[in-house]
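**Q** can't give you the sequence, but here's the structure:
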């Protein structure tokens, strides 16, 4: 799915991209970064389409999604202090 169609489907669901990201426990920036690629991964496209259809038929999808015990992914690329690039190596400052 192209990014513009994805945005349309998210809007049709009555959501902003920030709200969509919160529902699926993703970082908002990760979703907006997809605009540069022009395409959206299939799993996000499917979720957006299903949410849009459910909203169109008056079915609440927010409550069940917020009730799920989903652990948000840790951001990639964050290095720990004293560790080069977050690599699992011995401390450099000892």
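**A** On my side now, so go ahead. In this text the structure is predicted, and so the values were computed from the model without any measurement.
**Q** Quick one: the strands in the chain, in order.
**A** With strands called from DSSP state E, the chain shows none.
**Q** quick check: longest helix of it.
**A** Counting by DSSP state H, the longest helix found in the chain is helix 42-56.
**Q** so what does that one touch, helix or strand wise?
**A** Under the contact criterion of 3 or more Cβ pairs under 8 Å, 6 or more residues apart in numbering; DSSP states H and E, helix 42-56 touches helix 3-12, helix 17-23. In this view, the C-beta of every residue, glycine as well, is placed from N, C-alpha and C.
**Q** got the buried residues for that helix?
**A** 44, 45, 47, 48, 49, 51, 52, 55 (16 or more other Cβ atoms under 10 Å).
**Q** now the most centrally placed residue in the chain: how far from residue 57?
**A** In the chain, the residue lying closest to the centroid (Cα atoms, centre = their mean) is residue 26, at 3.1 Å. From residue 26 across to residue 57, the span is 25 Å (Cβ to Cβ, to the nearest Å).
**Q** Residue 16 too?
**A** For residue 16 relative to residue 57 (Cβ to Cβ), the value is 21 Å.
**Q** you'd agree the residue nearest to the centre of the chain is up against residue 72?
**A** Yes: with contacts counted by Cβ atoms under 8 Å, residue 26 reaches residue 72, the gap being 7.5 Å.
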